[in-house]
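>>> Please find the sequence and the predicted model below.
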Amino acid sequence: MTQVILNGLFVGSFYALIALGYSMVYGIIKLLNFAHGDIFMFGAYIGMTCLVAIPGIGSLGIGALAVILLVSIVLTGTTGVLIEALAYRPLRTAPRLSVLITAVGMSFFLEYGVRQIWGPDPQPWPSNGRLSDFLSTTDATGAKQQLSVPIFDGALTYSQLVILAFAVVLMAALALYIGKTREGRAMRAIALDQRAASLMGVNVNATISRVFFIGSAMAGVAGVMHGAYYSSITFLMGFLLGLKAFTAAVIGGIGNLYGAMLGGLTLGLLESIGTTLLGGEWKDVFAFVFLILFLTVKPTGILGERVVERM
Amino acid sequence: MKNSWTRKALALGAAVSVALTLSACGGSGDSGETYKLGLIAPFSGSENMFGDYMKNAAVLAANEINEAGGVLGKQIEIVTEDDACDATQGAAAAQKLVSAGVVASVGGYCSGATLPTLPIFYEAKIPELISVANSDNLIKDNTGNVWLLDGTGTQQAATALKWVQQNGFTNLVVIDDKTDYSANLATKFVEAATAAGFTVTTDSLTPKESDFSAQVNKIKSANADFFYFTGYVQEAGLLVKQAVEAGYTGSILLGDGSVDSKVAEIAGLENCQNVYATYTKTPDMLDDGGAFAAAYKEVSGGTDPGPYSIHSYDTVKVWAAAAEAAGSVEMDKINEALKTLTYEGLTGTVHFEADGSRTGEGGFVIVSNKDDGVFKLFDALT
Amino acid sequence: MPIDAKTNLLLPPTTGQARAKAKFSWTSDHGILRILGIVGIVFVFALPLINSGNYTIQLGTQALIYILLALGLNVVVGYAGLLDLGYVAFFAVGAYTSGILTTRLGWPMWATIPAVILMCVIAGIVIGGPTLRLRSDYLAIVTLGFGEIIRIVAQNWEPVTGGPSGIFGIPSWSFGGFTLNKIQLYYFCAVVVLLLGCFGIPRLAKGKLGRAWKAVRDDEDAAEAMGINTYTTKITAYIIGAVWAGLAGQLQASFISVVTPSSFVFLQSALVLMAVVIGGMGSVPGVILGAIIITLGPELLRDVWENRYLAFGILLLVVMLARPKGLWPSTSVLPWSRDKRDHDAKVETPAKSHDYDPQEEVPS
């Protein structure tokens, strides 16, 4: 059972990383950015391409991952800013559902644009960037052994620990940024009242661009980590993970960063437990039924606040 | 506005009655310069990569036939349509092919998307040679024009069980991905294994997800020395990697949907030392294996043949052989010809049972990818 | 005049009466709308005479079924303002109910209509009951969850639903030994869509219930203050939407003869929602237009480009950026005409002077 919980927490940390971007964008401009999961996917493809294309990157060892993370952050962040400026900003005063549909269109565009460039096959992650290869030893028989840390009667591999650590550090950094810095205050101001914030001298467009850059860059990081850990990426992988992240964000209370983190971990745990108890085919049913029951009892999510809304 | 109402109603009534008196057109024998063969496969959606594998091989077969003089003196042409593995789109694609005047259907990948095409092609009097889809449901109520070029789930499951018994495995686990093909194969295997006295643990995973640690956990806690995964390439690679890295040391058998060098690329070759698969045949088991792959690359523009490329290739050739034998492309004559036809194809000897499935055990063998990641013959189980 | 009614949905009753008294002209916006409506209906019924090819009839029937589906969702999203991301669940309930009853128990197709309606009402209550009190984004995820639950149950509950291969061999409609062929089925769908969708829903929307929906959509608190039971109003919209989708599902099952779980994925829900939003929420002609684009778009793009969903994505972006309120917004009589609210304001300027004007009261 310990292993079930550890697996759940690990998967949940991925959901949390993606849910953060969802939640941030939602909290500030009340938009469900359906293309967010696809930016995650795009980040993974950028990482893969860099591993193949940058000469001599293999000699860097695990440092190669740092390089592609950096490239991916810059490119996915810029993509996010561009998407906001071109597709969402012109619709800021339009009905909210119109923006939602635009986001779905953007999601199609990213998915099938990537398919157009890289082809429809699942892409294996290049062997010079696989996390499990860096963090394992070879035993006497030549078989590879994953380095792992025992926790009660279960274990987490080093690769899993690295990803968990990444998730926690990024979340902490983001929480500090939003809570303590001037730019973070601008974001919170816009979330409360966009017009009042602009009257108080907050540059609304620049702040929203910044939000999109950060959210998308985090999705890009998650994409690269996903590729490095699972070593296979497809152009449709962002869709399902995006939906899961959206669910996680809602469980946690959408718009609340700590909630996104908590929601991601909760969803991961639920899925892991559901698979063990009922079998993999009922996993999503288990998670969704829990979600629905939970929301009927606590309609704002774990940490969400009651917000006045308009369609 | 009452006037306009009555007038409108009258006009509509007239239109309806005229239309209802018109009967639907029957299927059309093609009178053009070429024989068109329809190939429905997924070119978009979750299984989209298989479309090209099938299309390129079919085009290759058509090119070879055309260079040798065509069929009954006419050139043949492959017309592809996308079904995205969806029943609705499959039906639309079939209707479109019928309207385009195809003389035979030589595609069909997802069983669920192929089922609604059956009545459409039958009504249009078009023989349907299904190259890949192999659910037993496809030939459950066979109208006589449906032929499965791929062995059925029952045949494949029997081969898998034979191998299990030969190796003396005892703790069996079966994992499917709840697609029609995969669930069918898993169910047939569980039925056969239970009848043979085994207890089988079953589980399912969700296609397009990446983390299967919960399934791996289940495999390990069942103390399995054998697990059979009946889904597709991407999930197979991930499952193998995660199982072996978590310390699973038993044997892994994959279904024929996973036979692709991508499994080793995703899982890492060092994790594939105990990976086997049930499969009909691979290019390297053919006398002209290298030749097929080389010719395929010319058509595809450099990409390698994938799973089912040879099935698609054979399907076109089998239709051509049947048409030549029948001296006609009409459905009834093709059906008669296929009942007795024996054709030596890349996938082995093609001969059909009365119900439309392939004779024998479907030609399934055990293949392994432990040497260089490409699946090669391991055990013919003879 | 039903066609007229389509566009009058958002107007208060007085304006409607005022317009009815005005002299009708075929060249006015409303006249053109009426002509378009008649041309559309005639075209629908004449289509098999123009081209009775299998593919044309297939696409035509599919488009009609999607129109019915989209009009049903329009009640939920467009009128009542409830964001539903799992609408296809009801489509599935209808398709499976009729499919199971006809193939397993041998019922004729028409006899399953009450069962389909009953099952959809139950599903609507089960889904809507506990969740309609949630705010819209939570409602969105909950409906999405229900959509997935229905699909996964259909996929896993093999003894009843046939598992992943679903149900096949579903018969067409037959009345006393007379079975509809493809073209007759097309006409049958056309009549059903016209009666239920094009005339039924606008009638409904014009009544007391329809006004209540719009009041709840525009301002829930204000509506409640005016004595509308917002919860009952919302759940009625939800159930009506569910029944409409169920009937569309039944048509779909009889039309393609197969029901598989893979036809009810989230993408389908998203596509129907797109039809409503692209066309224009709350606008019947708009939603019809949107449904036609959604069904025919990817089909027509088949020939243009192998990678048709990329083209489709770009199309969506362009349409939404150019016309954020949809191609045929509910506030315009015709897609290219001015916003109806501006128009009305101008027409009624003289009458305004007799109205109560708060500013006049101020000096006293």
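Cool, got the structure.
>>> Please count neighbours and contacts with C-alpha atoms only from this point.
Noted.
>>> Pull out the buried positions in stretch C:217-232.
C:217-218, C:220, C:223, C:228, C:230 (16 or more other Cα atoms under 10 Å in any protein chain shown).
>>> Report the buried residues of the top helix by length along chain C.
Criterion DSSP state H: the longest helix present in chain C is helix C:230-256. Under the neighbour-count criterion of 16+ other Cα under 10 Å, helix C:230-256 has C:230, C:233-256 buried.
>>> Tell me which helix or strand the residue nearest the centre of chain C sits in.
Central residue of chain C (Cα atoms, centre = their mean): C:L71, 1.2 Å from the mean position. Here C:L71, judged by DSSP states H and E, is contained in helix C:54-73.
>>> That helix close to chain B?
Yes. Residues of helix C:54-73 contacting chain B under Cα under 8 Å from any Cα of the partner chain: C:54-55, C:58-59.
>>> Which of those residues scores worst on pLDDT?
Among the residues of helix C:54-73 next to chain B, C:N54 has the lowest pLDDT, at 77.
>>> show me where the chain has helices.
Looking at chain A here, since you left the chain open. Under DSSP H, chain A gives helices at A:2-29, A:36-53, A:63-83, A:96-118, A:131-134, A:158-180, A:182-192, A:194-199, A:204-230, A:237-252, A:257-278, A:283-297.
>>> nope, chain B
B:2-21, B:49-67, B:87-99, B:111-114, B:117-123, B:153-167, B:180-195, B:213-221, B:233-245, B:262-267, B:289-300, B:309-326, B:331-340.
>>> could I get these as a markdown table with mean neighbour count?
A markdown table is the format used below for those (neighbours: other Cα atoms under 10 Å in any protein chain shown):
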| stretch | mean neighbour count |
| --- | --- |
| helix B:2-21 | 13 |
| helix B:49-67 | 22 |
| helix B:87-99 | 25 |
| helix B:111-114 | 29 |
| helix B:117-123 | 19 |
| helix B:153-167 | 19 |
| helix B:180-195 | 21 |
| helix B:213-221 | 20 |
| helix B:233-245 | 24 |
| helix B:262-267 | 26 |
| helix B:289-300 | 17 |
| helix B:309-326 | 24 |
| helix B:331-340 | 20 |
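>>> Lowest average pLDDT across these?
The weakest mean pLDDT among the helices of chain B belongs to helix B:2-21, with a mean of 40.
>>> How about the residues of chain C by chain B?
Going by Cα under 8 Å from any Cα, the residues of chain C near chain B are C:1, C:38, C:42, C:45-46, C:48-49, C:52-55, C:58-59, C:155-156, C:163-166, C:168, C:183-184, C:187, C:256-260, C:262-263, C:302, C:306-307, C:309.
>>> For PyMOL, write a command that selects the buried ones of those.
The buried residues among these can be selected in PyMOL (16+ other Cα under 10 Å) with this line:
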select buried, chain C and resi 38+42+45+46+48+49+52+53+54+55+58+59+155+156+163+164+165+166+168+183+184+187+256+257+258+259+260+262+263+302+307+309
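>>> Could you tell me how far whichever residue of the stretch 1-150 of chain C sits closest to chain B is located from B:K96?
Per Cα to the nearest Cα, C:Y55 is where the stretch 1-150 of chain C lies closest to chain B, at 4.7 Å. To B:K96, C:Y55 is 5 Å away according to Cα to Cα, to the nearest Å.
>>> now B:E191
39 Å.
>>> can I get the CA coordinates of stretch A:73-92 in CSV?
Output of stretch A:73-92 as CSV, limited to C-alpha atoms (Å, rounded to 0.1, in the frame of the first residue of the first chain):
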residue,chain,number,x,y,z
ILE,A,73,11.5,27.4,-20.9
VAL,A,74,12.4,30.2,-23.3
LEU,A,75,10.5,28.8,-26.3
THR,A,76,7.4,27.6,-24.5
GLY,A,77,7.2,30.8,-22.5
THR,A,78,7.4,32.8,-25.7
THR,A,79,4.8,30.6,-27.3
GLY,A,80,2.5,31.2,-24.4
VAL,A,81,2.9,35.0,-24.6
LEU,A,82,2.3,34.9,-28.4
ILE,A,83,-0.8,32.8,-28.0
GLU,A,84,-2.2,35.2,-25.4
ALA,A,85,-1.4,38.2,-27.5
LEU,A,86,-2.7,36.9,-30.8
ALA,A,87,-5.6,34.7,-29.8
TYR,A,88,-6.9,35.7,-26.3
ARG,A,89,-6.2,39.4,-26.0
PRO,A,90,-8.4,40.5,-28.8
LEU,A,91,-11.3,38.6,-27.2
ARG,A,92,-10.9,40.0,-23.7
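>>> Tell me the gap between it and the middle of its chain.
Counting by Cα atoms, centre = their mean, to the nearest Å, stretch A:73-92 is centred 16 Å from the centre of its parent chain.
>>> How about it and chain C, touching?
Yes. Judged by Cα under 8 Å from any Cα, stretch A:73-92 comes into contact with chain C through A:87, A:90-91.
>>> per-residue pLDDT, B:G362?
B:G362 is given a pLDDT of 62.
>>> Which ones among the residues of stretch A:73-92 next to chain C also lie next to chain B?
Answer for the residues of stretch A:73-92 next to chain C near chain B: none qualify (Cα under 8 Å from any Cα).
>>> which residues touch residue 296?
Just so you know, I chose chain A. With contact set as Cα atoms under 8 Å, 6 or more residues apart in numbering or on different chains, A:T296 has these partners: C:130-131, C:134.
>>> ah, I was thinking of chain C
C:59, C:63.
>>> Now residue 134: closest residue in space, sequence neighbours ignored.
Unless you meant another one, I'm taking chain A. A:I62 (6.6 Å; Cα to Cα, 6 or more residues apart in numbering or on different chains).
>>> I was after chain C.
In space, C:L134 is closest to A:P299, 6.1 Å off (Cα to Cα, 6+ apart).
>>> low-scoring pLDDT stretches of the chain, where are they?
Answering for chain A, as no chain was given. A:139-144, A:305-311 (pLDDT under 70).
>>> Correction: the question concerned chain C.
Short version for chain C, where the test is pLDDT under 70: C:1-23, C:135-136, C:302-308, C:337-364.
>>> make it 90
Across chain C, residues meeting the criterion (pLDDT under 90) sit at C:1-64, C:77-86, C:103-111, C:126-146, C:148, C:155-234, C:254-271, C:273-275, C:277-286, C:293-364.
>>> Residue of it closest to chain A, please.
C:G313 (4.4 Å).
>>> What count of nearby residues applies to that residue?
The number of residues packed near C:G313 is 22, by other Cα atoms under 10 Å in any protein chain shown.
>>> Test my guess that it contacts A:I101.
No. C:G313 is not in contact with A:I101 according to Cα atoms under 8 Å; the separation is 10.1 Å.
>>> List the residues that contact the closest residue to B:F189 other than its chain neighbours.
Spatial nearest neighbour of B:F189, excluding adjacent residues (Cα to Cα, 6+ apart): B:A157 at 4.6 Å. Contact analysis of B:A157 by Cα under 8 Å, 6+ apart lists B:185-186, B:188-189, B:192.
>>> ok, B:A157 to B:I252 distance?
From B:A157 over to B:I252 (counting by Cα to Cα), the distance is 15 Å.
>>> re earlier: for PyMOL, write the select line for the buried members of the residues of stretch A:73-92 next to chain C.
This is how PyMOL selects the buried members of the residues of stretch A:73-92 next to chain C, with burial counted by 16+ other Cα under 10 Å:
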select buried, chain A and resi 87+91
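>>> out of the residues of stretch A:73-92 next to chain C, which one sits closest to B:P305?
A:A87 (39.5 Å; Cα to Cα).
>>> pretty sure the closest one is touching C:L316, no?
No. Taking contacts as Cα under 8 Å, A:A87 lies outside contact range of C:L316: 10.8 Å.
>>> shared neighbours, those two?
Contacts common to A:A87 and C:L316, judged by Cα under 8 Å, 6+ apart, are A:T102.
>>> Need the nearest residue in space to B:G70, chain neighbours excluded.
B:I76 (6.4 Å).
>>> Can you tell me which residues in the stretch 51-200 of chain B are near chain A?
Near chain A, when you scan the stretch 51-200 of chain B using Cα under 8 Å from any Cα, you find B:K178.
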